[in-house]
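1. No sequence on hand, only this structure:
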């Protein structure tokens, strides 16, 4: 009887220690933050196209939400991995790997721009000839395109972890992942950025369904 009680206590202790609620809460808020930062970038890009904010000030408003989007997205994917069915979470584990690459490239690019390049341009200390200036076919734009290539790969692989349980989340993650075909060519053909603006819709819907999934899991 003593052994049975001890085993029962250890099992209960282990279950309580790894309660799913913190994962769901963190996953919910990281998805919401990803949505907010993603939409923040979209609004800034729209204002830039409409010349409501002009260069180089528009660069600040484009890069700031993008900088915070990267870690928020990474945390959301990590939480999705822990909530995915065990039989399929190899797919979300691969998604985490690609999300880490995206987060690394994005934070490196945007922090460099915000901390050094944009202030230098505003103050007249840096010209368009600078090797790290953000413009079509530049080094930094290449890294940026590559980062979003890996973001798409992350959602593409993570989608398959939910193909049997969360059909809508699976569908939108998959669709967002298929946008991978645009990001590398966009480096050579910048007009593809306009076509890629569908990302604004697909990514937003992905994060809405991700937050909804986490919220429902938290209620169970």
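-> Looks like it arrived, so ask away. On a predicted model such as this, the values are computed, not experimentally measured, just so you know.
2. Residue 87: how many residues sit nearby?
-> 8 (other C-beta atoms under 10 Å). Where C-beta positions appear, they are placed from N, C-alpha and C, glycine not excepted.
3. Report the separation between it and residue 162.
-> Distance from residue 87 to residue 162, counting by C-beta to C-beta, to the nearest Å: 12 Å.
4. Tell me the secondary structure at the most centrally placed residue in the chain.
-> With distances taken as C-alpha atoms, centre = their mean, the residue of the chain nearest its centroid is residue 73 (3.3 Å). Using DSSP: H, G, I helix; E, B strand; the rest coil, the structure places residue 73 in helix.
5. pretty sure it contacts residue 150?
-> No - counting by C-beta atoms under 8 Å, residue 73 does not reach residue 150; the two are 10.8 Å apart.
6. Quick check: buried residues in the strand or helix carrying residue 48?
-> Assigned by DSSP states H and E, residue 48 belongs to helix 20-49. Within helix 20-49, the residues that qualify as buried are 23-24, 26-35, 37-42, 44-45, 48, counting by 16 or more other C-beta atoms under 10 Å.
7. residues touching residue 137, list them.
-> When contacts are counted by C-beta atoms under 8 Å, 6 or more residues apart in numbering, residue 137 touches 187, 188, 190.
8. now swap in residue 190 and tell me
-> 136, 137.
9. per-residue confidence at it?
-> pLDDT, residue 190: 72.
10. and it, what are its phi and psi?
-> Main-chain torsions, residue 190, degrees, to the nearest 10: phi -60, psi -20.
11. can you check residue 78 too?
-> Residue 78 adopts backbone torsions of phi -60, psi -40, taken as degrees, to the nearest 10.
12. ok, now how distant is it from residue 88?
-> According to C-beta to C-beta, residue 78 stands 16 Å off from residue 88.
13. again, but for residue 64
-> Residue 64 is 36 Å from residue 88, where distance means C-beta to C-beta.
14. what do you get for residue 37?
-> Distance of residue 37 to residue 88, given as C-beta to C-beta: 28 Å.
15. I appreciate the help and will end here.
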